[in-house]
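Enquirer: Below is the sequence, then the predicted model.
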Amino acid sequence: MELQDINIAGITIAPGEEKQIDAQIAKLPSRTPIDIPIIVSRSKKPGPTLLITGGMHGDEINGIEIVRRIIAKKYHRPLIGSMICIPILNVYGFIQFSRQTADGGKDMNRSFPGTRNGSLASQLAHRLTQDILPLIDYGIDFHTGGARINNYPQIRAQLDDPKNLELAKAFSPKFMIHSPFREKSFRKEAAKSGKSILVFEGGESLRLRKHAIDVGVDGLLRVMKHLKMRNEAPDSKEDSFFIKKSSWVRAKSAGIYHSFFRTGEFVEKGTVVGLITGPYGDFEHKMKAPISGYAIAINNNPVINRGDALIHIGVTN
């Protein structure tokens, strides 16, 4: 089988080559160009093309660090096939410490397939849809929790799809969560073209979490080994659980929240998971778990309003 050259943003990458492509996406109002660096590494042997992405939400730093570490340690050089690595998809959000792009707070991951002349978020989604998706077979999109939400490292995918399930098992996180498609998301757009995309969630925005980063790197290496793109990968240190449904415990009053659990821990139904106190010493409200399951995410913001999500409990049976 003769391997073909691939082309990204007018740059040709031949089999056996590695290149960094600085794809210009737009300009700041000052006319300063904004580029998205794309690192492509190709083997001379045929095989799958795997895409890894971080920073679709610019404040989700753990995902950026996972992709950076893969490149820095040369793990992105495959034995077969090709790797396409994009550490920061949303450069605008990254430099502004923001989840969104710079065009009125739009979410890139709710803008697919995008349009060439739409909002900035739509333009970024369009470039990814047109220039990258046709080239790949599989992808892992690395995310974190947002707005002080700390997610225990987890894989989210449409797990009734056999290929997604196979890749999720190969990644082997503690939690594999069946997650239906969201409208206009990258994952749903990829599925329309028969591409399997896993979403990794770990840690919280604007904060590096070593455990989440380590789990993300090790899981990716296991997927690469499963696809025969490398020979070695670390074994998973935890048993895996399928999360079939989940429920948020929400604040019944405003105040200061004191959490009694950490992410990853098992919570029994009826257990007091935290305490909401009045800042003037006027009340204390106990929050109890309505179901038994694992704490897959926790709100680390102590100042809360009535209705705020406090702890996300995932059920395995």
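Expert: Received it, and whenever you're ready, just let me know what you need. Nothing here was measured: the structure is a model prediction, and the numbers come from that model.
Enquirer: Going by neighbour count, list what's buried in stretch 201-217.
Expert: For stretch 201-217, burial by neighbour count (16 or more other CB atoms under 10 Å) applies to 201-207, 209, 212-217. Using the backbone N, CA and C atoms, a C-beta is placed for each residue, glycine as well.
Enquirer: cool, stretch 70-84 as well?
Expert: When burial is assessed from 16+ other CB under 10 Å, stretch 70-84 yields the following buried residues: 70-71, 75-76, 78, 81-84.
Enquirer: ok, back up a step: so of the buried residues of stretch 201-217, which ones are in helices?
Expert: When DSSP state H defines the helices, the subset of the buried residues of stretch 201-217 inside them is 212-217.
Enquirer: need these in TSV with distance to Met108 and pLDDT, can you?
Expert: Supplementary listing: these in TSV, determined by distance: CB to CB, whole Å; pLDDT from 0 to 100:
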residue	distance to Met108	pLDDT
Ala212	21	98
Ile213	22	98
Asp214	26	98
Val215	24	98
Gly216	20	98
Val217	24	98
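Enquirer: May I have the secondary structure class of the residue nearest to Gly93 when sequence neighbours are not counted?
Expert: Leaving out its chain neighbours, the residue that sits closest to Gly93 by CB to CB, 6 or more residues apart in numbering is Gly58, at 2.0 Å. Using DSSP: H, G, I helix; E, B strand; the rest coil as the criterion, the local structure at Gly58 reads coil.
Enquirer: What pLDDT is listed against Gly58?
Expert: The per-residue pLDDT reported for Gly58 equals 95.
Enquirer: What is the neighbour count of it?
Expert: Counted with other CB atoms under 10 Å, the neighbours of Gly58 add up to 25.
Enquirer: gap between it and Pro134?
Expert: Here the distance between Gly58 and Pro134 works out to 25 Å (CB to CB, to the nearest Å).
Enquirer: Equivalent analysis for Gly255, please.
Expert: Gly255 sits 51 Å away from Pro134 when distances are taken as CB to CB.
Enquirer: Neighbour count for the two, which is higher?
Expert: Set side by side, Gly255 and Pro134 show more neighbours around Gly255, with 22 against 10, by other CB under 10 Å.
Enquirer: Check which helix or strand the closest residue in space to that one that isn't next to it in sequence maps to.
Expert: Across the structure, with CB to CB, 6+ apart as the measure, the residue nearest Gly255 apart from its sequence neighbours is Ile276 (4.5 Å). With elements delineated by DSSP states H and E, Ile276 resides in strand 272-277, which encompasses its position.
Enquirer: Isn't Asp239 up against Phe175?
Expert: No: counting by CB atoms under 8 Å, Phe175 is not a contact partner of Asp239; they are 10.3 Å apart.
Enquirer: Mind checking which of the two has more residues around it?
Expert: Neighbour count, other CB under 10 Å: between Asp239 and Phe175, Phe175 has more, with 24 against 7.
Enquirer: I figured the more buried one was touching Val315, is that so?
Expert: No: counting by CB under 8 Å, Phe175 does not reach Val315; the two are 11.2 Å apart.
Enquirer: Now list whatever residues contact both of the two.
Expert: Where contact means CB atoms under 8 Å, 6 or more residues apart in numbering, the residues bridging Phe175 and Val315 through contact with each are Ile243.
Enquirer: Would you check how far apart Arg156 and Pro46 are?
Expert: In this structure, Arg156 lies at 30 Å from Pro46, with CB to CB as the measure.
Enquirer: ok, now Val199?
Expert: According to CB to CB, Val199 stands 27 Å off from Pro46.
Enquirer: more crowded one of these two?
Expert: In this comparison of Val199 against Pro46, neighbours counted by other CB under 10 Å, the higher total goes to Val199 at 22 against 13.
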